[in-house]
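J.: The sequence and its predicted three-dimensional model are supplied below.
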Amino acid sequence: MKQKHTHQYKKIDIGVKNKYEVYKCVLPGCSHYMPNMNGVVGAVTLCNGGCGKTLIMTQQIVTNRVEKPICDDCKEIRKKDRALAGVYDFQAAAGGSK
């Protein structure tokens with residue numbers, strides 16, 4: 001009997017001549033994928049940001065073709081990391097220290 005789990009979706013391209021996008025579960029041992037991109041709307045997925053939280057796949061995620069869906073908390077962390085990286089880049093260009 002197959003063990004049920006919450007999928008962790010990632011957008012991939014499949015096909016040889018005619019490539020098309022699908023959302024596939026990236027968890028080990030799982031071969032599940034959604035052949036219709038809109039079919040994943042409303043599905044629960046694990047965050048790809050590393051926190052382990054779940055989120056619901058929305059039409060916005062599918063429309064924007066998000067490669068690895070992440071939760072709002074991980075989005076905020078990444079925004080702060082990018083902002084800090086920009087400050088460090090500015091300091092380095094100005095000759096300052098980190």
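T.: Cool, got the structure.
J.: give me the low-pLDDT residue ranges for the protein?
T.: 1-3, 86-98 (pLDDT under 70).
J.: Show me where it has its helices.
T.: For the chain, the helices defined by DSSP state H cover 59-63, 72-94.
J.: centroid residue for the protein?
T.: residue 68 (1.5 Å; C-alpha atoms, centre = their mean).
J.: from memory that residue sits against residue 45, does it?
T.: No: counting by C-beta atoms under 8 Å, residue 68 does not reach residue 45; the two are 9.9 Å apart. (Glycine included, C-beta is placed from N, CA and C.)
J.: so residue 41 touches residue 62, yeah?
T.: Yes: taking C-beta under 8 Å as the definition, residue 41 is a contact partner of residue 62 at 5.8 Å.
J.: which one of the two has more residues nearby?
T.: residue 62 (20 against 16; other C-beta atoms under 10 Å).
J.: Return the distance of the more buried one relative to residue 13.
T.: 15 Å (C-beta to C-beta, to the nearest Å).
J.: State the number of residues packed around residue 23.
T.: Neighbour number of residue 23 under other C-beta under 10 Å is 26.
J.: Ok, residue 43 next?
T.: Counted by other C-beta under 10 Å, the residues lying close to residue 43 total 14.
J.: what about it, distance to residue 78?
T.: Where residue 78 is concerned, residue 43 sits at a distance of 23 Å (C-beta to C-beta).
J.: wait, what's in contact with the closest residue to residue 58 other than its chain neighbours?
T.: Of all residues not flanking residue 58 in the chain, residue 41 sits nearest, at 6.6 Å (C-beta to C-beta, 6 or more residues apart in numbering). Counting by C-beta atoms under 8 Å, 6 or more residues apart in numbering, residue 41 makes contact with 57, 58, 59, 62.
J.: So which of these is the closest to residue 7?
T.: residue 57 (9.6 Å; C-beta to C-beta).
J.: Surely the closest one touches residue 39?
T.: No: using C-beta under 8 Å, residue 57 is not in contact with residue 39; the gap is 9.6 Å.
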